[in-house]
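Visitor: coordinates only, no sequence provided:
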């Protein structure tokens with residue numbers, strides 16, 4: 001079950017009321033009916049080159065200081081992708097035309113469900129790590145820090161995302177369906193670097209969806 005507070009966070013709301021609760025309930029029902037979640041995972045070797053400027057993922061060098069710092073100490077990890085499916089985009093379009101006031105609620109609920117599904121799809125990876133005495137670093141996606149959005153192309157090719165789960169990439173490296181996630185997940189022997197929330201791994205300090213440190 002998606003946490004209500006996560007939906008409120010995506011809405012930029014700190015409190016709720018009966019009217020908003022009713023809208024969220026409607027949006028939940030619509031999103032749950034429309035979503036067709038799918039995901040992909042690929043286990044890879046990785047190497048962080050000194051002086052923390054390039055990461056080599058499955059043999060491919062990707063220059064990014066922020067990703068290198070995030071994955072420092074990792075020698076293996078996962079490429080990850082998930083989507084709620086194309087019917088969510090159709091749902092958003094329908095509300096855009098028929099009930100615009102409902103649109104931000106639908107968007108917030110869909111975003112929260114995307115993150116929740118990504119977390120659920122990651123559970124087997126947590127088991128894999130635990131069996132080996134390792135720990136998962138938080139997901140790190142193209143667009144975070146200096147891990148440029150154009151690295152989506154690497155993830156799409158490495159995972160065959162379009163072929164296998166039907167997500168496509170525009171010329172501007174935007175994913176369609178929109179409620180989709182790609183990420184790199186490192187495996188580390190150091191637990192102290194793995195218990196930070198996802199927002200702390202992103203350098204966008206002014207993001208309206210940023211959480212305070214836990």
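Guide: Arrived safely. Remember, it's a predicted structure, so these values are computed and weren't measured experimentally.
Visitor: and the strands in this structure?
Guide: Using DSSP state E, the strands of the chain run over 38-49, 54-57, 60-63, 76-83, 135-136, 168-169, 175-176, 180-188.
Visitor: to residue 143, which of the ones you listed lies closest?
Guide: strand 180-188 (9.5 Å; C-beta to C-beta). The C-beta positions use only the backbone N, C-alpha and C, and glycine is treated the same way.
Visitor: top helix in this structure by residue count?
Guide: helix 103-121 (DSSP state H).
Visitor: make JSON lines from the strands of the chain and add distance to residue 127 to it.
Guide: As requested, these are exported to JSON lines (distance: least, C-beta to C-beta, whole Å):
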{"stretch": "strand 38-49", "distance to residue 127": "12"}
{"stretch": "strand 54-57", "distance to residue 127": "22"}
{"stretch": "strand 60-63", "distance to residue 127": "27"}
{"stretch": "strand 76-83", "distance to residue 127": "12"}
{"stretch": "strand 135-136", "distance to residue 127": "10"}
{"stretch": "strand 168-169", "distance to residue 127": "30"}
{"stretch": "strand 175-176", "distance to residue 127": "27"}
{"stretch": "strand 180-188", "distance to residue 127": "12"}
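Visitor: out of those strands, the one nearest residue 107 is which?
Guide: strand 180-188 (14.0 Å).
Visitor: mean pLDDT added to the strands of the chain, as CSV?
Guide: Shown next, in CSV, are the strands of the chain (pLDDT from 0 to 100):
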stretch, mean pLDDT
strand 38-49, 96
strand 54-57, 96
strand 60-63, 95
strand 76-83, 98
strand 135-136, 95
strand 168-169, 98
strand 175-176, 97
strand 180-188, 96
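Visitor: possible to save the ones you listed as a markdown table with distance to residue 128 and mean neighbour count?
Guide: Shown next, in a markdown table, are the strands of the chain (distance: least, C-beta to C-beta, whole Å; neighbours: other C-beta atoms under 10 Å):
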| stretch | distance to residue 128 | mean neighbour count |
| --- | --- | --- |
| strand 38-49 | 8 | 17 |
| strand 54-57 | 18 | 20 |
| strand 60-63 | 22 | 14 |
| strand 76-83 | 9 | 23 |
| strand 135-136 | 9 | 19 |
| strand 168-169 | 28 | 16 |
| strand 175-176 | 26 | 18 |
| strand 180-188 | 8 | 24 |
